[in-house]
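**Student:** the sequence and its predicted three-dimensional model are supplied below.
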Amino acid sequence: MLYLLFLPAGIVFAAFFIVPLGQLFLIGASGRDGWAAYAAILTNRNYLHSLVSTTLLSAAVTAATLLISGIAGVFLTRNRFAGWSALVAALTLPLAFPGVVIGFMVIMLGGRQGLVGDIALRLTGEHLVFAYTMTGLFVGYVYFSIPRTILTVMAAAEKLDPRIEEAARSLGAGPLRVVRDVIVPALKPALLSAGAICFATSMGAFGTAFTLATRINVLPVTIYGVFTEQANIAVAAALSFVLGILTWGVLAAARTAAGSTVAAAG
Amino acid sequence: MRQRGVSFWLLLGFTLFVCAFLIVPVVMSMLAGVTVNYQTGISSGFTLRWVAQVWEGYSDTIFRSIGIALACLACTLVLGVPAAYALSRAQSGFARAIEELLVMPVAIPGLATAMALIVTYNTLGNFRTSWTFILVGHVLFTLPFMVRSVLAVLSVIDLKTLEEGAASLGASFRQRFFTVVLPNCRPGILAGSLMVVTLSMGEFNMTWLLHTPLTKTLPVGLADAYASLRLEVGSAYTLVFFVMIVPLLIGMQMLARR
C-alpha cells in the first residue's frame, strides 16, 4: 500500500528527472571528442578559467554571507527591542526572490542610475557603477543568501546555552575569545550547512548574471553560451552535468559533515 | 530594563544597515515604477503610465505564471502528500535514499535540469512548445519542498497511534488516509503550498531554457523588460511582481511564527 502511494511521484520523477539526467550524461559524450568532453572543464583554458572564477566568487560570497548573517543572527537572538519582529520580517522577506529580480535590485544600487553611484557622486565627485561587473554579481549573491542564512543561524543560536558563555567570561575570556571558542564552534553545524547551500547556489545561479547582462565569465553563463551561441550541445551537456555533480556533491558533503538535513536552495 | 552597552548599539546599527541593504532597493524599484522620470526623481511626479504599459505588453505572462503556479500546486499536492506519508511510514535507509533523490532537482542547477529535459523530450510532439513543458520543470523543482514540509509535520505527531486507533474502530485505509492523515498534515500542506506557489511564480533558471516565445512566464518577461525597456518600465513590472509575491512571503512568515 505504501509503495502504491509513492508510485505517482516515483513515475513522474523517473520519467522527467532520472531518465533525462541519464540522457544528458550520454549526450555529453556524443560530440566530436567523445567522453573527453567531460574532461574539457579542466583541459579547455576557457572553461577552466570559468570554473576557477566561479569557485572563487562563490567562496567569497559564502564567507561574506556567513560573517554578516552570523553577526546579525546571533545579535537578533540575544536581544529583544521595540520593532524586533518588523526587523526580522524585513531581513527575511527577500527569501524567495528570483535571481532576475535580485539582479535588478543590484542595478538599483549600483547601476548607471543607482543609489550608491549618486551618493558617491555627491561625496567624491565620481560616479561609481559596479552592477555590471564581478562586484555586482558578488553583491547580488550575498543579497540572495542573507535571508536564508540569518534564519538558519537564528534557529541554531536559540539553542545555545548562555551559561557556557557566562562560564567562559568568568574564567577571564574576552568577548572575542567567547565568540571564537564558544559561539562559533556551537554554531558550526548550522554555519556549515548554510554555507554549503550558499556556495552551491552561487555556483549554479544564472538569473542574476543574466539580468546584469555582463560578459562575466561564470560557469552557468559559459554553459548557456556554449548551448545557444555555439550550439555545441554535447559540450554544454557535459559541462552542466559536471556542474550538477559539483553542487550536489558540496551539499551532500556538508550534510554528512554537519550531521543534519540540509534544505537546499533555489 | 538593563543598560544597553556600546556593543549593543554598534550591533544594532550593523543589523539595521544589513536590513537597509535588503529593503532600500525594493522600495526604490517600487517608487521608480510609478515615477514619471526616474532620472529627475520623485519631483517629476507620479504616474501609472508604466504600469499600464506593462499590463499591455506583458499581462499574458502574468496570467500564465499564475496558471502554471496553480497547476504546479495541484501536481505537488497529488504527488507529494501521498509520497510524504509513504516516506514517513517507511522509515528506513530506503526511505532516506528516496528523499535524497527527490531533493536532487533543487541541489543541481536549474540550467542542468532544463538541458536534460530538452535533450530528452525535444522531439516529442508538441510537448516542447507547450506550457506543460515548463510545468514539468516547476513540479520537479518544487516537489521536494512540499514533501519536506509535510514530512516535517508528520515526524512530530504520533500518526501511528492515531491510525491504529482509527483502524481498531474499523476504519479502512482509505478512510484513515482522508479523515486522519490528511487533516493532521494540514499545517505542513499549507506551508508547503505557499512555498510551491512562491517558487513557481519566481522560477527563472530552468524556465529561461524551457520557454518558447509563446510560453513566456513572468520572470522571463522581467528579464526581457530589464534588457530592452527603460528603467521605469522594468521597475513597474517588478512592482507588479512584488504585489503578487510579497503577500505570499508574508503568509509564509506568519505560518512559521505560529
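**Tutor:** Cool, got the structure.
**Student:** low pLDDT regions in the stretch 51-200 of chain A?
**Tutor:** Under the criterion of pLDDT under 70, none of the stretch 51-200 of chain A is flagged as low confidence.
**Student:** show me where it has helices.
**Tutor:** For the stretch 51-200 of chain A, applying DSSP state H, counting those that start in this stretch gives helices covering A:84-92, A:99-110, A:115-124, A:134-158, A:162-170, A:175-178, A:184-204.
**Student:** buried deepest among these, which one?
**Tutor:** For these, the largest average neighbour count (mean count of other Cβ atoms under 10 Å in any protein chain shown) is found in helix A:99-110, namely a mean of 27. (Glycine included, C-beta is placed from N, CA and C.)
**Student:** so what does it touch, helix or strand wise?
**Tutor:** Other elements packing on helix A:99-110 under the criterion 3 or more Cβ pairs under 8 Å, 6 or more residues apart in numbering or on different chains; DSSP states H and E are helix A:115-124, helix A:134-158, helix A:207-212, helix B:6-32, helix B:218-228, helix B:231-257.
**Student:** list the buried residues for the fifth one?
**Tutor:** Residues B:218-226 are the ones in helix B:218-228 that count as buried (16 or more other Cβ atoms under 10 Å in any protein chain shown).
**Student:** what's the answer for the third one, then?
**Tutor:** Taking 16+ other Cβ under 10 Å as the basis for neighbour counts, the residues of helix A:207-212 that come out buried are A:207-212.
**Student:** show me what counts as buried in the next helix or strand after that helix.
**Tutor:** Going down the chain from helix A:207-212, the next helix or strand is helix A:219-228, by DSSP states H and E. In terms of neighbour count (16+ other Cβ under 10 Å), helix A:219-228 has its buried residues at A:219-227.
**Student:** just stretch B:36-44 next, same as before
**Tutor:** Buried positions in stretch B:36-44, judged by neighbour count with 16+ other Cβ under 10 Å: B:Tyr38.
**Student:** who touches it?
**Tutor:** A:113, B:31-32, B:35, B:45-47, B:49, B:231-232, B:235 (Cβ atoms under 8 Å, 6 or more residues apart in numbering or on different chains).
**Student:** what of stretch B:92-102?
**Tutor:** Residues external to stretch B:92-102 that are found in contact with it (Cβ under 8 Å, 6+ apart): A:6, A:9, A:13, A:18, B:83, B:87, B:143-144, B:147, B:151.
**Student:** residue nearest the centroid of the chain?
**Tutor:** Just so you know, I chose chain A. Of all residues in chain A, the one closest to the mean position by Cα atoms, centre = their mean is A:Cys198, 2.9 Å from it.
**Student:** you answered for a different chain; I wanted chain B.
**Tutor:** Central residue check for chain B by Cα atoms, centre = their mean: the C-alpha nearest the mean position is that of B:Leu199, 1.6 Å away.
**Student:** need the contact list for A:Ala253.
**Tutor:** Residues touching A:Ala253, when contacts are defined by Cβ under 8 Å, 6+ apart, comprise A:Ala196.
**Student:** which one is the closest residue to chain A within the stretch 101-250 of chain B nearest to, not counting chain neighbours?
**Tutor:** In the stretch 101-250 of chain B, no residue comes nearer to chain A than B:Pro109, which is 2.8 Å away by Cβ to the nearest Cβ. Nearest residue to B:Pro109, sequence neighbours excluded (Cβ to Cβ, 6 or more residues apart in numbering or on different chains): A:Gly204, at 2.8 Å.
**Student:** wait, isn't the one you found in contact with A:Ile245?
**Tutor:** No - the criterion here is Cβ atoms under 8 Å, and A:Gly204 misses it with A:Ile245 at 11.3 Å.
**Student:** what touches both of those two?
**Tutor:** B:Ile108.
**Student:** which of the contacts of stretch B:92-102 sits closest to A:Leu239?
**Tutor:** When those are compared for distance to A:Leu239, the smallest value, 20.3 Å, is given by A:Ile18; criterion: Cβ to Cβ.
**Student:** pLDDT at the closest residue to the closest one other than its chain neighbours, what is it?
**Tutor:** Across the structure, with Cβ to Cβ, 6+ apart as the measure, the residue nearest A:Ile18 apart from its sequence neighbours is B:Leu101 (8.0 Å). The confidence metric pLDDT takes the value 85 at B:Leu101.
**Student:** quick check: the gap between the residue of the stretch 101-250 of chain A found nearest chain B and A:Ile223.
**Tutor:** Residue nearest to chain B within the stretch 101-250 of chain A: A:Gly204 (2.8 Å; Cβ to the nearest Cβ). In this structure, A:Gly204 and A:Ile223 are 10 Å apart, going by Cβ to Cβ, to the nearest Å.
**Student:** which residues do the two both contact?
**Tutor:** When Cβ under 8 Å, 6+ apart defines a contact, the residues bordering A:Gly204 and A:Ile223 alike are A:243, B:111.
**Student:** is it true that A:Gly195 touches A:Ala254?
**Tutor:** Yes - counting by Cβ under 8 Å, A:Gly195 touches A:Ala254, with 7.2 Å between them.
**Student:** buried subset of the contacts of stretch B:36-44?
**Tutor:** Using 16+ other Cβ under 10 Å as the threshold, B:31-32, B:35, B:231-232, B:235 are the buried ones among the contacts of stretch B:36-44.
**Student:** show me the shaky parts of the stretch 1-150 of chain B.
**Tutor:** In the predicted model of the stretch 1-150 of chain B, residues B:1-3, B:91 satisfy pLDDT under 70.
**Student:** chain B contacts on the stretch 51-200 of chain A?
**Tutor:** Residues of the stretch 51-200 of chain A found near chain B, taking Cβ under 8 Å from any Cβ of the partner chain as the criterion, are A:68, A:71-72, A:75-76, A:79, A:81, A:87, A:89-101, A:103-109, A:113, A:115, A:143, A:146-147, A:175, A:200.
**Student:** what ranges do the helices span in chain B?
**Tutor:** In chain order, chain B shows helices spanning B:6-32, B:49-89, B:93-107, B:110-121, B:131-156, B:159-168, B:173-176, B:182-202, B:207-210, B:218-228, B:231-257, with DSSP state H as the criterion.
**Student:** for the ones you listed, which one sits closest to A:Glu158?
**Tutor:** Closest to A:Glu158 of the helices of chain B is helix B:231-257 (Cβ to Cβ; 13.4 Å).
**Student:** elements contacting the closest one?
**Tutor:** Contact here means 3+ Cβ pairs under 8 Å, 6+ apart; on that basis helix B:231-257 packs against helix A:84-92, helix A:99-110, helix B:6-32, helix B:49-89, helix B:182-202, helix B:218-228.
**Student:** kindly compare burial across these and name the winner.
**Tutor:** Looking across the helices and strands packed on helix B:231-257 with neighbours counted as mean count of other Cβ under 10 Å, the highest average goes to helix A:99-110: a mean of 27.
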